[in-house]
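S.K.: below are the sequence and a predicted model; questions follow.
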Amino acid sequence: MARLVTSRGDIVMGAKVDRPPGRGKSGFEIMGKTVLSAIMAAAILAPAWVTTALAPSALAQEDAAPTPQSISTELYQTAMRHANAGDYETARRLLEANLQIKPGQVAYLRLLTLLAVLNDRPDDAFAALDRVADQGLTLGLERFEEALRAADAARLDALIARFAENAAPVGRAERLAVVDAPDALIEGVAMDIEMDRLFLSSVAEREILMIEPFSPDEVTVFADADDGLWSVFGIGVDDRTRMLWASSGVLPQTPMAEGEEAGTGLFAFDLVSGDLHRKYEIEGAERMTDFVVRDGAVYVSDNGAPRVYVLDDLSSNLRVLVEDDRFTSLQGLALSRGALYVADYTIGIWRIDLGDQSVSLVEAGEHSLVGIDGLLNTRDGRLVAVRNGVTPHQVMAIDLDREGRAVANVDVLLRAHRDMGDNTEPTLIDLADGRAWLVANAAWPLFPGDGSAPEAPRPSTVILEMNMP
């Protein structure tokens, strides 16, 4: 949730590439008339609402110290300038350098493919696409297929087969609920195991919704803007304190009354009475979006600021656990092996040592950790991630090595389910008692980024239930 494209420096729209002078129309020259803006539009990594809540660019802050994000943005922009000037080799090298900062970034691999096509280097184009396939990902080939087939039809067919295998259906899940609330934009899900109640978070109607087990087709409002809520993102039940936690903040899709002040906070609701227990705020917070709860403590990510907060218990105040300029778009969190793991949408997963608060990037190896939204942990320490920033969308279990610093194995738990449809995306997940509940088809791409009312029909939201292996 709360994913920002431009603030992460992945794609800057509007660049144009002219055909290099003096080039004849070889098989690869078919692509020469394609402008980079069109390719970049197709290569945007994040879902539709990501582009709408843009933080100030690090490059725009002249006095700011360089960060990996600002360096990445500058490398990207410089690469596009060289591409516009017809210097494709320099542009290629700059994009390769950027992949050292953001390993496996599919948007850059797609642009590398384009540059290779424009530069009559089919082997380089296939190599870039092979790197996508090696990560278990797929990429649309419509803009490249004619030129690639002219260069090496057999190699293209093999690549298409690999992409098809990466996108093949995996896993089983059943519908638990179908919520006919097209204006709600449901993002998060939480199961109250003790009472068998299902809770859902609404971004566009500023509500927490509830479904009772004795009335599965009836949705009631548990909390709303009258309780101080803005858009509701993450949601979770703490069985120990019998609190329902919710993170809330403001986006262009948040309906605001005239003169109403924007804000962000962590909310605790009493599951017995339904009353608001307390709203937790902290100075400097931009947009609290996801969290994880353990033993009464709550760890919260800030998608608008490079921060992770912690609330030690109900009577405490939020405090900054870690602030790190390397963070770009923090998402879901999980706890495992004495560390806190935080998904960063375009970079991967950060490991925060809960002892000394040191921060390091989990080594992904041959796997892709880009585009992760929801993230939680099982009781035995596996990380369970919902990936919606690259294709294919999927739910996957991540096993870490003994030190918890590198990926040892990734198992796909659910992929290509019939309810994970086009123009929607799976978002957040909840885990309990060996089961998982997933928002399968949040309609983010159908809600305009400028905050205007959606015009396209939105599907009912499907909540899937699946058994964990």
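M.R.: Yep, that arrived.
S.K.: what residues does the host helix or strand of Gly374 touch?
M.R.: Taking DSSP states H and E as the criterion, Gly374 maps to strand 372-377. Strand 372-377 is contacted from outside by 1, 3, 290, 292, 331-336, 341-343, 345, 348-349, 383-389, 425-431, using C-beta atoms under 8 Å, 6 or more residues apart in numbering. No exception for glycine: its C-beta is placed from N, CA and C like everyone else's.
S.K.: please repeat the previous calculation with a cut-off of 7 Å.
M.R.: With contact meaning C-beta atoms under 7 Å, 6 or more residues apart in numbering, strand 372-377 is reached by 1, 292, 331-336, 341, 343, 345, 349, 383-388, 427-429, 431.
S.K.: quickly run through the sheet partners of that strand, with directions.
M.R.: Using DSSP bridges, the strands paired with strand 372-377 are strand 383-387 (antiparallel).
S.K.: and the strand it pairs with, average pLDDT?
M.R.: The average pLDDT within strand 383-387 is 98.
S.K.: and for stretch 348-366?
M.R.: Here the average pLDDT along stretch 348-366 is 96.
S.K.: centre of the chain versus it, how much separation?
M.R.: 18 Å (C-alpha atoms, centre = their mean, to the nearest Å).
S.K.: same check on stretch 216-227?
M.R.: The answer for stretch 216-227 is 26 Å, by C-alpha atoms, centre = their mean.
S.K.: list the buried residues of it.
M.R.: For stretch 216-227, the neighbour count (16 or more other C-beta atoms under 10 Å) marks 219, 222-223, 225, 227 as buried.
S.K.: same check on stretch 75-94?
M.R.: For stretch 75-94, by 16+ other C-beta under 10 Å, it's 75-76, 78-80, 82-83, 86-88, 91-92, 94.
S.K.: which pair in those spans the largest distance?
M.R.: Leu75 and Gly86 (18.7 Å; C-beta to C-beta).
S.K.: all helices of the stretch 1-150 of the chain, in order?
M.R.: Ranges of helices in the stretch 1-150 of the chain, per DSSP state H, counting those that start in this stretch, are 36-43, 68-84, 88-101, 106-118, 122-134, 145-151.
S.K.: how about the ones you listed in TSV, adding mean pLDDT and distance to Gly265?
M.R.: Below are the helices of the stretch 1-150 of the chain laid out as TSV (pLDDT from 0 to 100; distance: least, C-beta to C-beta, whole Å):
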stretch	mean pLDDT	distance to Gly265
helix 36-43	36	35
helix 68-84	91	26
helix 88-101	93	33
helix 106-118	93	33
helix 122-134	96	39
helix 145-151	96	49
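S.K.: care to break the chain down by domain?
M.R.: 6-166, 174-467 (automatic domain parsing).
S.K.: could you tell me the least trusted of those?
M.R.: Taking the mean pLDDT of the domains of the chain, domain 6-166 comes last: a mean of 71.
S.K.: sticking with Leu333, tell me its helix or strand.
M.R.: Take DSSP H and E as the rule and Leu333 turns out to sit in strand 330-336.
S.K.: neighbouring strands for the helix or strand just after that strand, and are they parallel or not?
M.R.: Later in the chain than strand 330-336, the nearest helix or strand by DSSP H and E is strand 339-344. Paired neighbours of strand 339-344 in the sheet (DSSP bridges): strand 330-336 (antiparallel), strand 348-353 (antiparallel).
S.K.: okay, strand 339-344 in PDB with CA atoms only?
M.R.: Output of strand 339-344 as PDB, limited to C-alpha atoms (Å, rounded to 0.1, in the frame of the first residue of the first chain):
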ATOM      1  CA  ALA A 339      14.800  -9.000  13.700                       C
ATOM      2  CA  LEU A 340      12.200  -6.900  12.100                       C
ATOM      3  CA  TYR A 341      11.800  -7.300   8.300                       C
ATOM      4  CA  VAL A 342      10.300  -4.400   6.300                       C
ATOM      5  CA  ALA A 343       9.300  -4.600   2.600                       C
ATOM      6  CA  ASP A 344      10.600  -1.700   0.500                       C
END
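S.K.: quick one: buried residues of the helix or strand hosting Asp411?
M.R.: Asp411 is part of strand 407-415, with elements assigned from DSSP H and E. Neighbour-count burial for strand 407-415, counted by 16+ other C-beta under 10 Å, picks out 407, 410, 412-415.
S.K.: can you check stretch 134-144 too?
M.R.: Quick answer for stretch 134-144 (16+ other C-beta under 10 Å): 135-139, 141, 143-144.
S.K.: pull the most distant pair out of these.
M.R.: Maximum distance among these (C-beta to C-beta): 22.0 Å, for Gly136 and Arg143.
S.K.: can you tell me the centre-most residue of the protein?
M.R.: Against the mean C-alpha coordinate of the chain, by C-alpha atoms, centre = their mean, the closest residue is Asp373 at 3.6 Å.
S.K.: roughly how far apart are that residue and Gly434?
M.R.: 22 Å (C-beta to C-beta, to the nearest Å).
S.K.: next: Glu174.
M.R.: 15 Å.
S.K.: also Ser358?
M.R.: 33 Å.
S.K.: the residue lying closest to Glu212 once chain neighbours are set aside: neighbour count?
M.R.: Nearest non-adjacent residue to Glu212, counting by C-beta to C-beta, 6 or more residues apart in numbering: Arg197, 5.9 Å away. Using other C-beta atoms under 10 Å, Arg197 has 18 other residues around it.
S.K.: quick check, Arg197 in contact with Met210.
M.R.: Yes - the pair Arg197 and Met210 qualifies as a contact (C-beta atoms under 7 Å) at a distance of 5.9 Å.
S.K.: quick revisit: among the strands paired with strand 339-344, which is the most enclosed?
M.R.: Compared across the strands paired with strand 339-344, strand 330-336 shows the largest average neighbour count, a mean of 25 (mean count of other C-beta atoms under 10 Å).
S.K.: pull out the buried positions in stretch 415-433.
M.R.: For stretch 415-433, by 16+ other C-beta under 10 Å, it's 415, 417, 419-420, 424-432.
S.K.: can I get those residues in TSV with distance to Ala127 and secondary structure?
M.R.: Shown next, in TSV, are the buried residues of stretch 415-433 (distance: C-beta to C-beta, whole Å; DSSP: H, G, I helix; E, B strand; the rest coil):
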residue	distance to Ala127	secondary structure
Arg415	25	strand
His417	32	coil
Asp419	36	coil
Met420	30	coil
Thr424	33	coil
Glu425	29	strand
Pro426	30	coil
Thr427	33	coil
Leu428	35	coil
Ile429	34	strand
Asp430	40	strand
Leu431	38	strand
Ala432	44	strand
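S.K.: which pair in those spans the largest distance?
M.R.: Thr424 and Ala432 (24.5 Å).
S.K.: count of neighbours near Gly389?
M.R.: 27.
S.K.: brilliant, that's me finished.
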